[in-house]
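Here is a sequence together with a model predicted from it:
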Amino acid sequence: MSGRTAGAALLAATMAHIAAGCGGADGNTTAPAAAVRRAGPSKLAGAAVLPGSPALDFSLRDAYGHAVRLSAQRGRVVLLTFLYTQCRDVCPVIAAHLNTVLRELGPARQEATVIAVSVDPARDTPAAVRAYTQLHQLAPEFHFVSRPMAALRQVWQNYNVLAIARNQEVIDHSAPTLLIDRRGRPRAYYLPGFRTSDVLHDVRLLLAERASAS
């Protein structure tokens, strides 16, 4: 097994139990408290990521044609999530929570970023993403990437995200949000239904850590 494959498997093993996000069969998107809080030496509120799991690099484009490369975010704290613009249940809530985290950081938000990866590239056109950004008043540090399609599918695979079209309007997909530190290391993840205060707490902890070369 290659290092790339092994790393993906480690992260997949951590996230494989995450229930479907938008359009889930049971409609339950609230994570039990035990799933987002854990005992142990870590002070992070998010659930543990397996030690040694990498955040595999990718480069996608936002609605303005700008390339957003994960590895280029080194030195910042990253919240990586998976959404689509036509979602009517979980996705807008996740986007609102993560946008609030950025807003609550104040000037420190320049040292943090949200990358939302589309799970519906056919409908998440640049125009649709720009409209979504304006509608939800997303902060400049919130990047919604939706192109190119082939690269998106590779990112879904690397992060063990399922995206299945139930019909022309609904995409059943897993909806993890992964917290990545300044050195590009995954540190925690959150299930749908996470509390904004937990994520804000964790981002502030990681911002307080000294950035150093990996």
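Yes, it's here. Numbers count the residues shown, from 1 in each chain.

Which strand or helix spans the residue nearest to the spatial centre of the chain?
A centroid search over the chain (CA atoms, centre = their mean) returns residue 81, at 1.7 Å, as the residue closest to the centre. Per DSSP states H and E: residue 81 is located in strand 77-83.

same deal with residue 144?
Under the assignment here (DSSP H and E), residue 144 is part of strand 142-147.

Next: residue 150.
When elements are assigned from DSSP H and E, residue 150 belongs to helix 149-158.

angle of that helix against strand 142-147?
For helix 149-158 against strand 142-147, the angle by axes from the mean of the first three to the mean of the last three CA atoms, to 10 degrees is 110 degrees.

Can you give the distance of helix 149-158 from its chain's centre?
The gap between where helix 149-158 is centred and where its chain is centred comes out at 14 Å by CA atoms, centre = their mean, to the nearest Å.

Could you point out the helix or strand that follows it?
strand 163-165.

Moving C-terminal from that next one, which element do we reach first?
For strand 163-165, the following helix or strand on the C-terminal side (DSSP H and E) is strand 171-173.

how many neighbours does residue 65 have?
By the criterion of other CB atoms under 10 Å, residue 65 has 8 neighbours. Quick note: C-beta positions are derived from backbone N, CA and C, even for glycine.

Ignoring the adjacent residues along the chain, who's closest to it?
residue 126 (7.4 Å; CB to CB, 6 or more residues apart in numbering).

Touching, the one you found and residue 63? I think so.
Yes - between residue 126 and residue 63 there is a contact at 4.2 Å, judged by CB atoms under 8 Å.

So for those two, which sits in the more crowded spot?
Taking neighbours as other CB under 10 Å, residue 126 and residue 63 compare with residue 63 leading, 21 against 15.

isn't the more buried one right up against residue 142?
No - at 11.4 Å, residue 63 and residue 142 do not qualify as touching, with contact defined as CB under 8 Å.

what is in contact with these two at once?
Overlap between the contact sets of residue 63 and residue 142, as judged by CB atoms under 8 Å, 6 or more residues apart in numbering, is given by residue 133.

quick one on the thing from earlier: find the nearest non-adjacent residue to the residue nearest to the centre of the chain, please.
Spatial nearest neighbour of residue 81, chain neighbours left out: residue 177 (4.3 Å); criterion: CB to CB, 6+ apart.

who touches the one you found in this structure?
79-81, 94, 98, 189-190, 194, 199.

cutoff 6 Å now
Applying CB atoms under 6 Å, 6 or more residues apart in numbering, we find residue 177 in contact with 79, 81, 190.

Over to residue 179?
Under the criterion of CB under 6 Å, 6+ apart, the contact partners of residue 179 comprise 46, 187-188, 202.

can we see that at 7 Å?
Residues in contact with residue 179, defined by CB atoms under 7 Å, 6 or more residues apart in numbering, are 46, 79, 187-189, 202.

Is it in a helix, a strand, or coil?
strand (DSSP: H, G, I helix; E, B strand; the rest coil).

Let's verify the closest residue to residue 86 other than its chain neighbours: helix, strand, or coil?
Spatial nearest neighbour of residue 86, excluding adjacent residues (CB to CB, 6+ apart): residue 123 at 5.6 Å. Assigned by three-state DSSP, the conformation of residue 123 is coil.
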